[in-house]
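A.B. asks: the sequence and its predicted three-dimensional model are supplied below.
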Amino acid sequence: MVLQEKTLTCLDCGKNFVFTVEEQEFFASKGYTNEPKRCPDCRRKKRAARRDNGYEDNPKEPRQMFPAICARCGKETTVPFQPRGNKPVYCRECFESMKTRQPA
C-alpha cells in the first residue's frame, strides 16, 4: 500500500495539519488504526495538561483510602475501597504473597 500525506482538521483548534507519510508509518508500526484527531501542537498541549494535572498518576483527585485490619496477619492497613465486612480484607504484603501462591 502506497501512503500519501493527508490533510486533516484538528478537533481542538480547527486548523488543518498534515499527517505525513512518516507519521502514518509510525502509527502503523504501533498498531494504531485511527488517524490523529489533533494537530501536533494540540497533542503536545494535551499531554502537558495531563502531566501538569497529575493525570498519569492521579486521574482527578487523591484516591480515598479506608482503614482496615488484615484478615491474615491482623495488621492495620488502608485499602482503596470501603470494606463491607462480608469478605476478608488483606494488607498489601499478605495480598501479594497469596496472589503469587495461587496456581495460574
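C.D. replies: Ah, there it is.
A.B. asks: how near is the nearest residue to residue 63 once chain neighbours are set aside to residue 71?
C.D. replies: Excluding the flanking residues, the one nearest residue 63 by Cβ to Cβ, 6 or more residues apart in numbering is residue 80, at 5.3 Å. For glycine as for every other residue, the C-beta is placed from the backbone atoms N, C-alpha and C. Separation of residue 80 from residue 71 (Cβ to Cβ, to the nearest Å) stands at 17 Å.
A.B. asks: same deal with residue 20?
C.D. replies: From residue 20 to residue 71 the distance is 57 Å (Cβ to Cβ).
A.B. asks: one step back: please say which of residue 80 and residue 71 ends up with more neighbours.
C.D. replies: Taking other Cβ atoms under 10 Å, residue 80 and residue 71 do not tie; residue 71 has more neighbours (13 against 8).
A.B. asks: residues contacting that one?
C.D. replies: By Cβ atoms under 8 Å, 6 or more residues apart in numbering, the residues touching residue 71 are 88-90, 94.
A.B. asks: that one and residue 43, how far apart?
C.D. replies: The gap separating residue 71 from residue 43 is 47 Å, by Cβ to Cβ.
A.B. asks: elements contacting the helix ranked longest in the chain?
C.D. replies: Counting residues, the longest helix found in the chain (DSSP state H) is helix 40-52. Here helix 40-52 touches no other helix or strand, going by 3 or more Cβ pairs under 8 Å, 6 or more residues apart in numbering; DSSP states H and E.
A.B. asks: in the next helix or strand after it, what counts as buried?
C.D. replies: With elements assigned by DSSP states H and E, the helix or strand that comes after helix 40-52 is strand 66-69. Applying a neighbour-count criterion of 16 or more other Cβ atoms under 10 Å, one finds residue 68 buried in strand 66-69.
A.B. asks: identify each buried residue in the helix or strand just after strand 66-69, please.
C.D. replies: Reading on from strand 66-69 to the C-terminus, the next helix or strand found by DSSP H and E is strand 76-79. The neighbour-count check on strand 76-79 (16+ other Cβ under 10 Å) flags 77, 79 as buried.
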